[in-house]
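Colleague: Fold the stuff below for me.
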Amino acid sequence: MLKPLAVLLCLATPALADFPEAVTQHILPGYARFAQASQNLADAATRSCDVADLRPAYQAAFDAWMGVQHLRFGPVEQGGLGLAIAYWPDPKGSGSRAQMALLTGDAAQLDPAMFAKQSIAARGLFALERLLYPAGNLPADPCPLTRATTTDLARVAGEVNDAWVTAYADTMLTAGEAGNTTYLTRPEARQVLFTQLVTSLEFTDDSRLGRPLGSFTTPRPERAEALASGRPLRNIILSLQAQKALALALTPDAPQTIAAFDHALGLAETLDDPELAGVAMPESRLKVEILQQAIEALRIVVLSELGPELDVGIGFNAADGD
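Modeller: Numbering: from 1, shown residues only. Modelled structure (predicted):
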């Protein structure tokens, strides 16, 4: 029998952090914020398609997504919903091509039921970025596509949030209990969250920093995440903040992990390079490389300290990035 949300929230006790606290204090509030911010964006698009009016709501929705984007399991995995929210990186530009076809094609494809069947690369936050922060003149009025995309994003965010509230939170909170075929033991629930933490740090290292860094002789600042909307460094900071919050929700007894998070966050917050353009200049590039090294060191600390604290090993798929 499913537990009411109010009961779930009462299960958390500050003195004894564990995966129930991660669910009730971190995951559920995070998805609720993202669902509300996405709906606010869709509502704003129904009132106006002026980019000056929509950009603040878009930025707020992206901020909220960064609070949960490291949680790539459960409802967000079903039907590619996570990719329908944020399809990046897209090295072949498939999203832009599919989106331009929608922009200039049959308006019937923008009906909510039809739009939900479109390529995931042409939907979500990065598709909206191309509409709200275009590199040049668009070949048609973007308003109908903007409204279709915001409506779809709000629907997807709402579906993920509802699935957590009505079912998946209970699935995690009853880990190890009779009848739970998803999490047969409590350590399995801890392990999946630990895996999310480690692999999300890898993603920030390899993609959010590694892609724009490129190589010393061939830096690629144009590959930074959400560059058009000015979010490359902001996404790194918000991601680290969310990852730290997850770690604290899992256990407060990990001083080396928290210190390593604080060190990486301090470097990021003082970088003063919002678009990571400095990767193309030796002196400022070094600062970005130092941040990347701090995140690499943070991942090692998480594996060595937080893993044993949570009673999960380091020799499983989180260490391999699977």
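
Colleague: Now A294: closest residue in space, sequence neighbours ignored.
Modeller: Computed as C-beta to C-beta, 6 or more residues apart in numbering, the closest residue to A294 that is not its neighbour in sequence is A264, at 4.3 Å. For every residue, glycine as well, the C-beta is placed using N, CA and C.

Colleague: Who are the contact partners of that neighbour?
Modeller: Residues near A264 by C-beta atoms under 8 Å, 6 or more residues apart in numbering: 240, 291, 294-295, 298.

Colleague: secondary structure element for the residue most central in space within the chain?
Modeller: Taking C-alpha atoms, centre = their mean, the centroid of the chain lies closest to Q69, which sits 1.7 Å from it. Q69 is part of no helix or strand, with elements assigned from DSSP states H and E.

Colleague: For it, which residues are in contact?
Modeller: 82, 86, 200, 239, 242.

Colleague: hmm, which of those residues are the buried ones?
Modeller: Buried subset of the contacts of Q69 (neighbour count, 16 or more other C-beta atoms under 10 Å): 82, 86, 200, 239, 242.

Colleague: Name the nearest of the residues you listed relative to S48.
Modeller: Among those, A86 lies closest to S48 (C-beta to C-beta), at 24.0 Å.

Colleague: shaky segments in the stretch 201-322 of the chain?
Modeller: 313-322 (pLDDT under 70).

Colleague: what does the stretch 1-150 of the chain give?
Modeller: The model of the stretch 1-150 of the chain has pLDDT under 70 over residues 1-16.

Colleague: the helices in it, which residues?
Modeller: All helices of the stretch 1-150 of the chain, identified by DSSP state H, counting those that start in this stretch, fall at 5-10, 19-21, 28-47, 51-66, 81-85, 94-104, 112-115, 124-132, 143-163.

Colleague: export the ones you listed to TSV and tack on distance to T182?
Modeller: Formatted as TSV, the helices of the stretch 1-150 of the chain follow (distance: least, C-beta to C-beta, whole Å):
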stretch	distance to T182
helix 5-10	16
helix 19-21	13
helix 28-47	17
helix 51-66	25
helix 81-85	18
helix 94-104	32
helix 112-115	30
helix 124-132	27
helix 143-163	13
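
Colleague: Starting from the strand or helix carrying the residue nearest to A294, tell me the next helix or strand along the chain.
Modeller: Applying DSSP H and E as the criterion places A264 in helix 255-269. Following helix 255-269 in sequence order, the next helix or strand is helix 282-301 (DSSP H and E).

Colleague: Report the angle between that following helix and helix 255-269.
Modeller: 160 degrees (axes from the mean of the first three to the mean of the last three C-alpha atoms, to 10 degrees).

Colleague: Contacts for helix 282-301, please.
Modeller: 198, 201-202, 204-205, 209-210, 212-213, 216, 219, 236, 240, 256-257, 260-261, 263-264, 267-268, 271, 273, 276, 278-279.

Colleague: if we go to 7 Å?
Modeller: 198, 201-202, 204-205, 209, 213, 219, 256-257, 260-261, 263-264, 267-268, 271, 273, 276, 278-279 (C-beta atoms under 7 Å, 6 or more residues apart in numbering).

Colleague: Send over it as CSV, restricted to the C-alpha atoms.
Modeller: In CSV, the C-alpha atoms belonging to helix 282-301 read as follows (Å, rounded to 0.1, in the frame of the first residue of the first chain):
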residue,chain,number,x,y,z
PRO,A,282,46.8,29.8,-21.2
GLU,A,283,46.5,31.6,-17.9
SER,A,284,42.7,31.3,-17.5
ARG,A,285,42.7,27.8,-19.0
LEU,A,286,44.9,26.7,-16.1
LYS,A,287,42.2,27.8,-13.6
VAL,A,288,39.6,25.6,-15.5
GLU,A,289,42.0,22.7,-15.4
ILE,A,290,42.5,23.1,-11.7
LEU,A,291,38.8,23.0,-11.2
GLN,A,292,38.6,19.8,-13.3
GLN,A,293,41.4,18.3,-11.2
ALA,A,294,39.5,19.2,-8.0
ILE,A,295,36.4,17.4,-9.3
GLU,A,296,38.5,14.4,-10.2
ALA,A,297,39.9,14.4,-6.7
LEU,A,298,36.4,14.8,-5.3
ARG,A,299,35.3,11.7,-7.1
ILE,A,300,38.1,9.7,-5.6
VAL,A,301,37.3,10.9,-2.1
